[in-house]
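> okay, here's the prediction I keep looking at, along with the sequence it came from:
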Amino acid sequence: MPTRWLYPLLLAACTIIAYSDAAPPAFVYDDAAIIGQDPNPGGVSRISHLFLEGARAGTAGNPRLYRPLAMATLALDRALYGEDPRGYHVTNILLHTLATLALFGAIGAFGVDPLAAFLAALVFGVHPIHTEVVDVAYNRSEILATLAVVGALWWLAVWIGRSVRWAFAGAALFYFAGLLSRESAATLPALALLTFALLRPAPPEQRRSILVAGIVATAVPFFLYVWMRQTALGVPGGGIGRSLANGILGTDSVTGRLAQVAVTVRDYWRMIVWPWPLRASHEDYVVRNVALALGLHAALAAATLASLRRAPALAFGIAFFYVALLPSTRLFGDPAVLAERFVYLPSAGLAVALAFALAALVRRYSARSVTAVALALAAALTVVTLRRNLDWRSRRALWEAEARWTHDDWKVLLNLGEVYVQQGRHLEALALCDRGLSLAPTQRGFLSNRGIALASLGRPDEAAASFERAIVLSGGESTEHANLARLYAMTGRPALAEEQYSKAVSREENEAIRHALHGEMLLYCRSDRASAAAEFQAALALAPRLRQAQQGLRLAQGLPAVAPR
């Protein structure tokens with residue numbers, strides 16, 4: 001086997017081994033809501049529509065997300081694998097492996113020898129900080145954006161000395177693909193500038209043409225992306241201006257936001273170095289030790305300035321981390337407080353710096369000793385990754401693992417309570433809901449889960465009170481009226497049930513769900529199986545994967561319902 005293929009094959013094999021237990025037959029976290037409960041049929045026929053709507057269309061979540069290319073890959077997965085979650089997970093593992101290989105190629109194009117490039121890319125590929133990205137199919141947007149950014153830098157490094165025109169034409173295509181995958185790809189122009197300033201300085205006679213070509217190559221895809229985003233989301237700039245205004249002029253003080261960003265970025269550095277414990281939810285996150293965080297950032301800034309001449313790769317890695325992470329902080333918008341997935345692209349820059357450091361160590365010491373230490377580190381990280389993958393194998397495993405680390409995160413309590421309700425563990429679910437309401441009294445999900453648990457425990461009056469309070473908190477949303485309607489139907493009060501079903505139908509915007517709710521009303525309140533079946537069939541004609549309609553049709557036809565997975 002030629003030596004040139006040995007490192008890529010070993011790298012791919014090691015990365016796949018680290019995620020060999022990351023393809024369970026279950027949708028977890030965002031996948032459960034966005035893929036598992038998506039009523040749309042998906043497949044290739046849906047791809048064109050994805051460019052005309054937000055990434056969370058039809059689901060609860062941030063309405064300003066526009067990631068059609070990432071969503072298109074999920075649509076392709078549905079065409080290939082149907083409702084089998086394992087296929088989606090396998091695609092994520094393969095995409096992560098491809099991103100790791102692209103990073104290896106880019107590092108080599110920056111002038112690092114293959115051994116050091118292999119070892120640095122290996123650490124990136126097996127690092128447990130990436131489990132949230134790889135184990136959740138919806139989070140592949142991070143992988144695709146990173147693939148685009150790293151691919152563009154690799155392309156530029158290879159072609160800039162041959163043809164500036166071809167170099168930036170290819171980079172523009174990568175940039176456009178990255179923007180259509182995730183917003184963090186917008187940092188590519190700054191990252192390319194860092195690359196040319198610190199790793200691949202351009203000859204003086206080329207600098208002007210490179211600057212002009214770079215501006216054109218990034219401006220065209222960026223403004224095309226903004227236009228497409230605005231068209232799809234229906235607001236100027238696709239909500240970019242509103243997001244920036246919320247970040248800069250929001251209710252939080254500028255000082256408070258800066259303190260929060262300083263502390264969270266400090267913790268991202270900590271998770272890169274010491275990835276334990278890893279968390280899916282950080283709703284209980286507390287901003288503390290601001291002075292320590294500012295001291296760390298000051299020290300890193302000083303290290304960056306001091307290394308500009310003697311160790312430019314170190315300066316590149318530190319600067320890359322901060323620049324790539326900036327769009328995912330709360331300084332310019334309102335993403336999650338803290339999320340491991342945000343570190344995926346920034347960690348690629350650190351891997352580049354690590355490669356240069358390893359190459360220097362190989363020159364100073366023996367290649368064997370440096371390789372042994374790097375492989376030992378990769379092996380230790382692989383063990384942590386394999387262990388963390390097990391937490392993502394099911395919703396119950398994930399939220400029980402989270403509950404071992406926290407007692408004050410309301411999102412953990414809400415999700416674990418929902419799992420226990422579905423599994424019939426109603427007393428445990430009730431305790432979690434009561435605990436959650438003490439922490440987040442306005443989270444109506446606790447009231448919904450509490451009502452379902454109380455109804456199953458034979459306490460209908462208390463259940464009705466929970467559902468009624470959820471209706472008030474939600475402003476009368478369809479789901480909460482439907483929950484109360486089902487309770488009334490179950491306890492033999494068809495007139496009250498029909499009244500609540502009518503309110504649910506009138507407030508529901510989704511036509512397929514309206515048909516399903518009307519079918520439930522006909523079935524449970526009037527015992528009209530034929531008409532109910534017709535309504536459920538009408539719902540399924542619009543949304544073939546709507547589980548609510550699938551279950552209702554089975555009951556209308558006298559068949560047993562299928563328990564949720």
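Now that the structure is in, tell me what you want to look at. Residues are numbered from 1 along each chain as shown.
> the helix or strand harbouring residue 271 packs against which elements?
Following DSSP states H and E, one finds residue 271 within helix 254-273. Judged by 3 or more C-beta pairs under 8 Å, 6 or more residues apart in numbering; DSSP states H and E, helix 254-273 is in contact with helix 290-306, helix 312-325, helix 344-364. Just so you know, the C-beta spots here come from the backbone N, C-alpha and C atoms, and that holds for glycine as well.
> let's have these in JSON lines, adding distance to residue 423, mean neighbour count and mean pLDDT.
Compiled in JSON lines, the helices and strands packed on helix 254-273 are given as follows (distance: least, C-beta to C-beta, whole Å; neighbours: other C-beta atoms under 10 Å; pLDDT from 0 to 100):
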{"stretch": "helix 290-306", "distance to residue 423": "41", "mean neighbour count": "14", "mean pLDDT": "97"}
{"stretch": "helix 312-325", "distance to residue 423": "38", "mean neighbour count": "22", "mean pLDDT": "97"}
{"stretch": "helix 344-364", "distance to residue 423": "32", "mean neighbour count": "23", "mean pLDDT": "97"}
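> circling back: quick one: the helix holding residue 271 to helix 290-306, angle?
70 degrees (axes from the mean of the first three to the mean of the last three C-alpha atoms, to 10 degrees).
> just so I know, which of the helices and strands packed on helix 254-273 lies nearest residue 38?
Closest approach to residue 38 among the helices and strands packed on helix 254-273 is made by helix 344-364 (23.8 Å; C-beta to C-beta).
> mind checking how far the closest one is from the chain centre?
Here the centre of helix 344-364 is set off from its chain's centre by 26 Å, with C-alpha atoms, centre = their mean, to the nearest Å.
> okay, the angle between that helix and helix 312-325?
170 degrees.
> which positions in the next helix or strand after helix 344-364 come out as buried?
Downstream of helix 344-364, the first helix or strand assigned by DSSP H and E is helix 367-391. For helix 367-391, a neighbour-count test (16 or more other C-beta atoms under 10 Å) marks 370-371, 374, 378, 381-382, 384-386, 388-389, 391 as buried.
> export stretch 126-141 as CSV, just CAs?
Extracted C-alpha coordinates of stretch 126-141, given in CSV (Å, rounded to 0.1, in the frame of the first residue of the first chain):
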residue,chain,number,x,y,z
VAL,A,126,-11.8,11.0,18.4
HIS,A,127,-12.3,13.9,20.8
PRO,A,128,-15.4,13.4,23.0
ILE,A,129,-16.3,17.1,22.8
HIS,A,130,-17.8,16.2,19.4
THR,A,131,-20.2,13.6,20.6
GLU,A,132,-23.2,16.0,20.7
VAL,A,133,-22.6,16.8,17.0
VAL,A,134,-22.0,13.3,15.8
ASP,A,135,-24.7,11.5,17.9
VAL,A,136,-27.5,13.9,16.9
ALA,A,137,-28.4,13.8,13.3
TYR,A,138,-29.8,17.3,13.3
ASN,A,139,-26.5,18.7,14.5
ARG,A,140,-24.8,17.6,11.3
SER,A,141,-25.2,21.3,10.3
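> can you list the residue ranges for helices in the stretch 1-150 of the chain?
Ranges of helices in the stretch 1-150 of the chain, per DSSP state H, counting those that start in this stretch, are 3-18, 30-31, 47-50, 68-81, 85-109, 114-126, 131-135, 140-159.
> farthest-separated two in the buried residues of helix 367-391?
370 and 391 (32.7 Å).
> the residue positioned nearest the centre of the chain and residue 86: what is the separation?
Centroid-nearest residue in the chain: residue 139, 3.3 Å away (criterion: C-alpha atoms, centre = their mean). Counting by C-beta to C-beta, to the nearest Å, the gap from residue 139 to residue 86 is 17 Å.
> cool, and residue 7?
From residue 7 to residue 86 the distance is 29 Å (C-beta to C-beta).
> likewise residue 490?
36 Å.
> low-scoring stretches of the stretch 1-150 of the chain, by residue?
Along the stretch 1-150 of the chain, the model assigns pLDDT under 70 to residues 1-3, 39-41, 58-61.
> mind listing what's buried in the helix holding residue 271?
Buried residues in helix 254-273 (16+ other C-beta under 10 Å): 257-266, 268-269, 271.
> doesn't residue 420 make contact with residue 428?
Yes: under the criterion of C-beta atoms under 8 Å, residue 428 makes contact with residue 420 at 4.9 Å.
> neighbour-wise, which of the two wins?
residue 420 (23 against 16; other C-beta atoms under 10 Å).
> tell me the mean pLDDT over the helix or strand containing that one?
Applying DSSP H and E as the criterion places residue 420 in helix 410-422. Averaging pLDDT along helix 410-422 gives 96.
> which SS class is the spatially closest residue to residue 260 that is not a sequence neighbour?
Distances taken as C-beta to C-beta, 6 or more residues apart in numbering place residue 287 nearest to residue 260, at 5.2 Å, with adjacent residues excluded. With DSSP: H, G, I helix; E, B strand; the rest coil as the basis, residue 287 sits in coil.
> residue 287: neighbour count?
Neighbour tally, residue 287, other C-beta under 10 Å: 14.
> need the contact list for it.
259-260, 263 (C-beta atoms under 8 Å, 6 or more residues apart in numbering).
> could you rerun that using 10 Å?
Taking C-beta atoms under 10 Å, 6 or more residues apart in numbering, we find residue 287 in contact with 256, 259-264, 293, 337.
> figure out how far the host helix or strand of residue 223 is from the centre of its chain.
Applying DSSP H and E as the criterion places residue 223 in helix 207-233. Centroid separation for helix 207-233 versus its chain: 25 Å, with C-alpha atoms, centre = their mean.
> let me know the average pLDDT across it.
For helix 207-233, the per-residue pLDDT averages 87.
> ditto for stretch 334-341
88.
> how is the chain partitioned into domains?
As assigned by automatic domain parsing, the chain contains the domains 20-391, 397-556.
> CSV please, covering those domains and showing distance to residue 12.
Formatted as CSV, the domains of the chain follow (distance: least, C-beta to C-beta, whole Å):
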stretch, distance to residue 12
domain 20-391, 5
domain 397-556, 27
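> what's the separation between residue 294 and residue 29?
Distance from residue 294 to residue 29, by C-beta to C-beta: 33 Å.
> do the same with residue 427
From residue 427 over to residue 29 (counting by C-beta to C-beta), the distance is 25 Å.
> who's more crowded, these two?
Using other C-beta under 10 Å as the criterion, residue 427 and residue 29 rank with residue 29 on top: 20 against 11.
> which ones are touching that one?
132, 135-139, 280-281, 392, 395, 398-399, 415.
> so which of those residues wins on neighbours?
residue 135 (29 neighbours).
> not counting its neighbours along the chain, what's nearest it?
Residue 135's closest residue in space is residue 392 (C-beta to C-beta, 6+ apart), at 3.8 Å.
> test my guess that that neighbour contacts residue 28.
Yes: Residue 392 is in contact with residue 28 according to C-beta atoms under 10 Å; the separation is 5.5 Å.
> mind listing the shared neighbours of the two?
89, 135-136, 280, 398.
> will you turn these into TSV that also has distance to residue 36?
Listed next are those as TSV, based on distance: C-beta to C-beta, whole Å:
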residue	distance to residue 36
89	13
135	14
136	12
280	16
398	14
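> show me which pair in those is furthest apart.
89 and 280 (15.8 Å).
> any chance of the contacts of residue 287 in JSON lines, plus distance to residue 475?
Formatted as JSON lines, the contacts of residue 287 follow (distance: C-beta to C-beta, whole Å):
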{"residue": "256", "distance to residue 475": "29"}
{"residue": "259", "distance to residue 475": "33"}
{"residue": "260", "distance to residue 475": "29"}
{"residue": "261", "distance to residue 475": "32"}
{"residue": "262", "distance to residue 475": "36"}
{"residue": "263", "distance to residue 475": "34"}
{"residue": "264", "distance to residue 475": "32"}
{"residue": "293", "distance to residue 475": "39"}
{"residue": "337", "distance to residue 475": "25"}
